[in-house]
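Colleague: could you look at this predicted model? Sequence included:
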Amino acid sequence: MIVELKNISKYYQNSGSDKKRIILDDLGLAVEKGDSIAIVGPSGSGKSTLLNVISSLDTVNSGSVIFDGEDLSKKNEKELANFRNQNLGFVFQSHHLLPQLNLIENVLLPFIPVKDKKQKQEAEKRALELLDFVGLSELIYQRPGQMSGGECQRAAVVRALIHEPNLLLADEPTGSLDKIAAEQLGDLLVSINQKQGVSVVVVTHSMDLAKKMKKIYQLEEGSLKQLTIGNE
Ligand SMILES: Nc1ncnc2c1ncn2[C@@H]1O[C@H](COP(=O)(O)OP(=O)(O)OP(=O)(O)O)[C@@H](O)[C@H]1O
């Protein structure tokens, strides 16, 4: 098991009243090693909140997040930051590549502070392998402005994988892509899961993307219900 959410509740206090707005209600979820999971649900149902709870970027009112057997609520901020750096990769709706850097520089950005020469060389080797894996080898000296939206988003996936995370968390990764680029990105997430052995949790409005994952959960009224249409 990679992550287990146990009895998670999260609410916001409505301003000016005593009423609580419950977002996650005694929710449970298990992410097994090798899983690929889609979370779908209406807008505002709490999908991004749930993803942020998994990564401990957001706090909960009760319940626990267990990652590789460790309870994340026992960690302080610095330990949590280290934990995220070591274990998680993130992809968002926008690629967040820096426009003034070329593709390879963007991907290797996390390694700028690293002093160890060997570690830097290994990162560079891995970056080139991953860029080849996602079909971007030809573009390594291009800047984001010279690349398509789909290419930028695939580059963002490479950047998320550069430090070999166990779990990739993606929030609407195809939200700003056209149909063909979205299809390619979905297929890329599947091959990362199957060939690189990275577990994937993706939040999406797109059933086309969700159906590529092994399991699909619908988030509604604070709870998750597994749908039977996953690709398992
Ligand atoms: N800091 C906050 N204070 C109060 N309410 C909040 C806060 N952050 C989020 N919410 C509410 O929590 C609910 C869940 O938000 P969230 O972004 O997780 O939904 P979502 O399912 O990802 O939505 P979408 O599909 O539209 O992106 C929303 O109704 C939002 O207004």
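Modeller: Yep, that arrived.
Colleague: in the sheet, who's paired with residue 67?
Modeller: Counting by DSSP bridges, residue 67 forms beta bridges with residue 3, residue 70.
Colleague: my read: it touches residue 83, true?
Modeller: Yes. Between residue 67 and residue 83 there is a contact at 7.1 Å, judged by CB atoms under 8 Å. For glycine as for every other residue, the C-beta is placed from the backbone atoms N, C-alpha and C.
Colleague: who's more crowded, the two?
Modeller: The residue with more neighbours, out of residue 67 and residue 83, is residue 67; 23 against 17, by other CB atoms under 10 Å.
Colleague: if I look at that one, how far off is residue 210?
Modeller: Using CB to CB, to the nearest Å, we find residue 67 at a distance of 24 Å from residue 210.
Colleague: would you mind measuring from residue 144 to residue 182?
Modeller: Separation of residue 144 from residue 182 (CB to CB): 18 Å.
Colleague: determine the three-state secondary structure at the residue nearest the centre of the chain.
Modeller: With distances taken as CA atoms, centre = their mean, the residue of the chain nearest its centroid is residue 169 (1.4 Å). Here residue 169 is recorded as strand under DSSP: H, G, I helix; E, B strand; the rest coil.
Colleague: in contact with it, which residues?
Modeller: 51, 54-55, 88-91, 201-202 (CB atoms under 8 Å, 6 or more residues apart in numbering).
Colleague: need the residues you listed in a markdown table with neighbour count, secondary structure and distance to the ligand, can you?
Modeller: Formatted as a markdown table, the contacts of residue 169 follow (neighbours: other CB atoms under 10 Å; DSSP: H, G, I helix; E, B strand; the rest coil; distance: CB to the nearest ligand atom, whole Å):
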| residue | neighbour count | secondary structure | distance to the ligand |
| --- | --- | --- | --- |
| 51 | 20 | helix | 8 |
| 54 | 23 | helix | 12 |
| 55 | 20 | coil | 13 |
| 88 | 20 | strand | 18 |
| 89 | 23 | strand | 19 |
| 90 | 19 | strand | 15 |
| 91 | 26 | strand | 15 |
| 201 | 25 | strand | 13 |
| 202 | 28 | strand | 12 |
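Colleague: export those residues to TSV and tack on pLDDT and distance to residue 18?
Modeller: Shown next, in TSV, are the contacts of residue 169 (pLDDT from 0 to 100; distance: CB to CB, whole Å):
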residue	pLDDT	distance to residue 18
51	96	29
54	96	30
55	93	31
88	95	36
89	95	40
90	96	36
91	96	39
201	98	34
202	98	36
